[in-house]
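> My questions are about this predicted structure, shown below with the sequence.
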Amino acid sequence: MGRFLAFLLGAAGALIGSQGPGFTLQYMQNLQGRIDELQPIVEQYDANVAAYGYSRAQAMTECQSAEQLLDALCDGYETTVERFELLTAHLSELEAADDLVRPLVLAKSHRRDIALSVYDQFEPAIPATLDGAAYAAGGFALLWGAGSFLFGMIGAMFGGGRRYA
């Protein structure tokens, strides 16, 4: 019985693991959409400050000492520019990773708001790629191995020497 349960856990692991590359791709598409939304805003900010002879860095420095209305305007500017730079760097990190490693990089460095947005829209699919198959195999091996170990330990403790896994 333990072997059968371990196999079922392995099959569940294969199904879950195989979704990693597809989820990662949808995450990157969502991330690119957010960057595309912010880019014209940041470019407009840059053009506005350039019209007064400032670079982005100089404007950000000047915003540190802003007061009242200028402080309120600078907050929006700083927040938008920082988010744009953060998301652009994050996308670059994901694009630089090999296809097989990318889901692991995403698991380590994901942005919670984007991951939740993708998860809300994500629909599992059967992977037809090599990396999808590799993650399916990894998921199977991980959960099957854990299940075999767990059921083997239970069998050894309560089975009177009989092997269950």
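Cool, got the structure.

> Please parse this structure into its domains.
Under automatic domain parsing, the residue ranges defining each domain of the chain are 1-19+130-165, 28-123.

> would a markdown table of these with mean neighbour count be doable?
Glycine gets a C-beta too; all of them are placed from N, C-alpha and C. Converted to a markdown table, the domains of the chain look like this (neighbours: other Cβ atoms under 10 Å):
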| stretch | mean neighbour count |
| --- | --- |
| domain 1-19+130-165 | 16 |
| domain 28-123 | 14 |
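
> Tyr27: neighbour count?
Tyr27: 24 surrounding residues under other Cβ atoms under 10 Å.

> Please tell me I have it right and it contacts Gln121.
No. Under the criterion of Cβ atoms under 8 Å, Tyr27 makes no contact with Gln121, lying 10.6 Å away.

> How about Gly10, nearest residue that isn't a chain neighbour?
What sits nearest to Gly10 in space, not counting adjacent residues and going by Cβ to Cβ, 6 or more residues apart in numbering, is Trp144, at 2.9 Å.

> ok, so what distance separates the one you found from Leu100?
21 Å (Cβ to Cβ, to the nearest Å).

> Next, find the distance separating the closest residue to Gly138 other than its chain neighbours from Ala134.
Distance criterion Cβ to Cβ, 6+ apart; nearest residue to Gly138, sequence neighbours excluded, is Gly17 at 5.3 Å. Applying Cβ to Cβ, the value for Gly17 to Ala134 is 9 Å.

> so what's Cys63 scoring on pLDDT?
Cys63 carries a pLDDT value of 83.

> List the contacts of the nearest residue to it once chain neighbours are set aside.
Of all residues not flanking Cys63 in the chain, Cys74 sits nearest, at 3.4 Å (Cβ to Cβ, 6+ apart). Contact analysis of Cys74 by Cβ atoms under 8 Å, 6 or more residues apart in numbering lists 62-63, 66.
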